[in-house]
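1. Pasted the sequence and its predicted model underneath.
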Amino acid sequence: MLSLNKQISEAELKRLIHQLDIGGEDADGEEDASAAPGERDENGQLVKQDGSIRIRNQQIHVQDPIAGGEYAVIYPMSPVRLFVNEQEVVWEAPVRASDRISWKVEEQPLFEITISEDKLLAHLRLFATERYASRLVDAGPDRRVIVRAEDDESIVLKTVQLADVVAKLEEMSIKSRIEFAAIQRELLEPTYEPIVVASGKAPADGEDARLEIYFDQQVRSEFFEVDGAIDFRNHLRIPTVQKGDLMARKIPMVDGTAGYDVLGNVTLPKPPKDLFILAKPNVELTADGRVIARKQGRPRITGGKIKTLDVSTSYVVSGNVDISTGNIVFSGDVIVCGDVTDNMIVESLGNVYVYGHVFNSTITATGSINVRGNVISSRLYSGYFGVLFNRLYHTSKQLCDSIEKLLAASKLLEEALEAKRQPVRFGQIVQLLLETKMRDILPAIKELQFVISNIRNIRQTEYEKLKEISEMFTKPTKLIESATREFVQGFLALLQDTHGEVARMQEEQVEISINQCQGGELKSNGDIVIHRDGVLLCELFSARNIVFLSEQGICRGSRLDAGDSIRASIVGGQTGAISVLKARRKVQIRKMYSGRICVGKYCKDVFEPIEQTIFDVQALKRYSEPDDKRAT
């Protein structure tokens with residue numbers, strides 16, 4: 001009960017009524033928020049009062065502040081768009097009673113149609129089946145008011161019909177395989193999830209041409225000893241075909257079929273790749289793509305984009321390769337029944353098989369190398385490396401570069417002499433260059449002649465023309481009188497053909513297969529397989545895998561580098577030089593005393609014996625630094 005000694009003021013009474021929410025509305029249910037007079041305290045002074053906003057019956061009423069109060073603040077909530085004095089308000093804004101305030105509700109789409117990235121599917125997503133009228137939610141009076149709207153479900157403005165969806169599809173130019181039943185079902189029983197309403201047809205890719213091979217491309221080394229168990233009946237299993245055998249068959253490419261997207265555009269398949277086959281004289285390529293052997297021998301396939309098929313001829317050395325036989329240069333397989341003795345060279349544009357030992361010699365093969373005995377202080381290069389270290393390849397490549405420079409230099413000299421009106425024979429220019437600026441050409445030509453003269457092959461006559469032309473360069477008088485630019489260009493063309501032919505001899509599936517190696521260098525773009533005792537003080541590089549088959553095979557003081565993985569048995573020993581094993585993917589060790597392991601760019605030094613361990617990148621990452629950081 002209020003005290004009678006102190007009468008309550010009119011302003012305090014009004015605040016009490018407002019707190020109790022008593023009355024306040026006129027007979028029409030509205031209150032003119034701007035009509036309330038200013039309140040005064042007991043001394044007759046205006047009471048400080050903030051502005052206010054009240055929303056009733058779709059109308060926004062603003063009361064200005066009194067006696068220095070703060071202005072009311074208004075801001076909209078989507079989908080309401082609010083405008084004050086024709087300027088849209090997107091965040092909080094102070095307002096006055098004199099401001100012109102308007103609003104509207106932005107209509108949200110009832111559905112949307114989207115097209116997949118590959119344009120093969122169109123999806124309908126329904127947000128609502130009906131659109132209702134909107135009304136403002138009553139709020140206030142308060143200094144800060146959010147303008148919100150709600151649906152008036154008693155007033156339906158729009159209902160989504162099948163025709164509306166179809167019209168939207170037409171507007172978007174979607175015309176392929178429209179699913180009318182799916183649309184109608186979604187409208188009647190909404191899931192409000194994306195559904196497929198139109199679909200195209202993906203193009204069907206064709207098939208690339210391929211080559212079915214009916215012979216084994218790898219030599220089976222079944223004569224080796226493994227863990228002391230010897231089968232004396234085993235020997236090299238060299239793939240062989242007989243005359244008339246089907247070696248391979250080309251499966252032609254198959255064209256794909258076109259498709260279409262939801263917009264009706266035709267989509268083309270990825271064009272298939274054809275395969276080109278070149279048949280050497282020892283094989284027959286039929287019109288239907290069959291490759292048939294014309295003679296007995298080892299089938300072989302070489303080349304990259306163009307596959308060359310041939311039946312390789314074999315050159316057999318019944319004893320040792322030594323001074324009496326000379327170096328062996330052969331454009332087919334070479335079989336040595338004895339040893340390859342000191343300082344000898346065996347070069348093969350095919351495979352090399354040695355049943356004995358190899359001592360301080362070099363063997364290059366564009367195919368595989370198999371040595372049954374030991375390899376001592378020798379160099380073995382197979383596949384790509386067999387091409388790279390082949391003397392015919394190397395010398396012809398060197399001469400190609402030199403002859404190109406010779407032609408360019410001779411042209412400059414000719415032009416200079418013509419400008420001075422001093423004619424001279426082209427052969428004289430060439431001879432002068434050979435004696436001065438290009439002295440490396442004559443030694444290279446002599447090396448080429450030596451290699452050609454040592455070629456043991458029935459096709460040796462094919463190199464006779466090259467040898468005959470090259471001899472012109474060693475006879476100055478004849479060169480000065482007879483040489484022309486066309487003559488030198490013809491020599492260059494023959495060199496390029498020779499270089500290219502040797503390069504094409506590189507076989508796809510190659511390996512170096514040995515029992516034991518000491519102080520040697522082995523390089524292969526295939527696998528390197530050590531069957532028995534292991535390697536000592538060697539360097540091995542394989543583009544694929546290095547594998548020790550025997551559990552007792554050792555690796556001491558050697559450097560192994562594999563493009564894929566290494567599987568070693570016993571690495572290192574109690575004393576001696578350490579070994580470094582580096583692989584791109586994995587190193588597997590049965591037992592290791594000491595050494596260094598690298599996988600990818602990560603390395604680990606081993607100082608204590610370890611057993612049955614597999615190292616990969618993840619394993620080495622945990623306790624090692626990148627190899628390049630250690631090097632610095």
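-> Perfect, I can see it now. Numbering: from 1, shown residues only.
2. Just the strands from the stretch 351-500 of the chain, written as ranges.
-> 352-354, 358-359, 362-365, 369-371, 374-376, 379-382 (DSSP state E, counting those that start in this stretch).
3. tell me what the fourth one is packed against?
-> The reference is to strand 369-371. strand 352-354, strand 379-382, strand 511-518 (3 or more CB pairs under 8 Å, 6 or more residues apart in numbering; DSSP states H and E). C-betas here are computed from N, CA, C, even on glycine.
4. The shortest one too?
-> Of the remaining helices and strands, those touching strand 358-359 by 3+ CB pairs under 8 Å, 6+ apart are strand 374-376.
5. From the chain's centroid, how far away is the strand it packs on?
-> 40 Å (CA atoms, centre = their mean, to the nearest Å).
6. Identify the residues contacting it?
-> With CB atoms under 8 Å, 6 or more residues apart in numbering as the test, strand 374-376 has contacts from 357-360, 514-520, 522, 533.
7. go with 10 Å
-> 339-340, 342, 354, 356-361, 363, 369, 512, 514-522, 532-533, 535-536, 538 (CB atoms under 10 Å, 6 or more residues apart in numbering).
8. Quick check: nearest residue in space to residue 602, chain neighbours excluded?
-> By the measure of CB to CB, 6 or more residues apart in numbering, the closest residue to residue 602 outside its immediate chain neighbours is residue 620, 3.8 Å from it.
9. residue contacts, the closest residue to residue 619 other than its chain neighbours?
-> The shortest distance from residue 619 to any non-neighbouring residue, by CB to CB, 6+ apart, is to residue 599 (7.7 Å). For residue 599, the contact set (CB under 10 Å, 6+ apart) comprises 565-566, 581-587, 614-621, 624, 627.
10. again, but for residue 491
-> Going by CB under 10 Å, 6+ apart, residue 491 touches 399-400, 403, 406-407, 445, 465-466, 469-470, 472-473, 483.
11. So which of those residues is surrounded by the most neighbours?
-> residue 399 (27 neighbours; other CB atoms under 10 Å).
12. doesn't residue 495 make contact with it?
-> Yes: taking contacts as CB atoms under 10 Å, residue 399 lies within contact range of residue 495: 5.2 Å.
13. list residues touching both of the two?
-> With CB under 10 Å, 6+ apart as the test, residue 399 and residue 495 both reach 448, 466, 470.
14. coming back round to it: now which of the contacts of strand 374-376 would you call buried?
-> 339-340, 354, 356-361, 363, 369, 512, 514-522, 532-533, 535-536, 538 (16 or more other CB atoms under 10 Å).
15. quick one: the helices in this structure?
-> Using DSSP state H, the helices of the chain run over 10-20, 162-171, 180-188, 384-388, 391-419, 426-435, 441-453, 464-472, 476-482, 485-504, 617-621, 627-631.
16. what pLDDT does residue 222 get?
-> According to the prediction, residue 222 has pLDDT 50.
17. now residue 227
-> 49.
18. ok, now residue 288?
-> Confidence for residue 288, expressed as pLDDT, is 89.
19. Could you pull up phi and psi at it?
-> Main-chain dihedrals, residue 288, degrees, to the nearest 10: phi -90, psi 10.
20. Verify the stated contact: it with residue 246.
-> No: here residue 288 does not reach residue 246: they are 11.5 Å apart, not a contact under CB under 10 Å.
21. In terms of packing, which of those two has more residues around it?
-> Neighbour tally, residue 288 and residue 246, criterion other CB under 10 Å: the higher count belongs to residue 246, 14 against 8.
22. Against residue 421, how distant is that one?
-> 68 Å (CB to CB, to the nearest Å).
23. For the residue nearest to residue 619, give the beta-bridge partners.
-> Beta bridges link residue 599 to residue 583, residue 602, judged by DSSP bridges.
24. And it, how far from residue 622?
-> Counting by CB to CB, the gap from residue 599 to residue 622 is 12 Å.
25. Which residues are in contact with residue 511?
-> With contact set as CB under 10 Å, 6+ apart, residue 511 has these partners: 218-219, 221, 367-370, 382-383, 524-529, 542, 544-545, 547.
26. Test for you: state the pLDDT assigned to it.
-> 92.
27. what pairs with it across the strands?
-> With DSSP bridges as the criterion, residue 511 is bridged to residue 527.
28. Could you do residue 375 as well?
-> residue 358, residue 517.
29. Report pLDDT for it.
-> On the pLDDT scale, residue 375 gets 96.
30. do residue 628 as well
-> 51.
31. and what of residue 123?
-> At residue 123, pLDDT is 95.
32. mind listing what the residue lying closest to residue 533 once chain neighbours are set aside touches?
-> Ranked by CB to CB, 6+ apart and with sequence neighbours excluded, the top spatial neighbour of residue 533 is residue 516, at 3.8 Å. Residue 516 is in contact with 357, 371, 373-376, 530-536, 538, 553-554, counting by CB under 10 Å, 6+ apart.
33. pLDDT below threshold where in the chain?
-> For the chain, applying pLDDT under 70 flags the ranges 1-42, 44, 217-238, 454-462, 574-575, 623-632.
34. okay, now the domains of it?
-> Domain assignment for the chain by automatic domain parsing gives 210-311, 391-489.
35. mind putting those in JSON lines, distance to residue 139 included?
-> Below are the domains of the chain laid out as JSON lines (distance: least, CB to CB, whole Å):
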{"stretch": "domain 210-311", "distance to residue 139": "47"}
{"stretch": "domain 391-489", "distance to residue 139": "89"}
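36. so which of those domains comes closest to residue 576?
-> Judged by CB to CB, the one of these that comes nearest to residue 576 is domain 210-311, at 23.5 Å.
37. now the end-to-end length of the closest one.
-> Across domain 210-311, the terminal residues are separated by 20 Å (CA to CA, to the nearest Å).
38. Off-centre distance for it?
-> 26 Å.
39. rewinding a little: among the contacts of residue 599, the buried ones, what's the ChimeraX command?
-> Burial among those is assessed by 16+ other CB under 10 Å; the matching ChimeraX selection reads:
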select :565,566,581,582,583,584,586,587,615,616,619,620,624,627
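40. about what we covered before: make CSV from the helices and strands packed on strand 369-371 and add distance to residue 162 to it.
-> Listed next are the helices and strands packed on strand 369-371 as CSV, based on distance: least, CB to CB, whole Å:
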stretch, distance to residue 162
strand 352-354, 78
strand 379-382, 72
strand 511-518, 69
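41. which one of these lies closest to residue 127?
-> Ranking these by proximity to residue 127 (CB to CB) places strand 511-518 first, at 65.6 Å.
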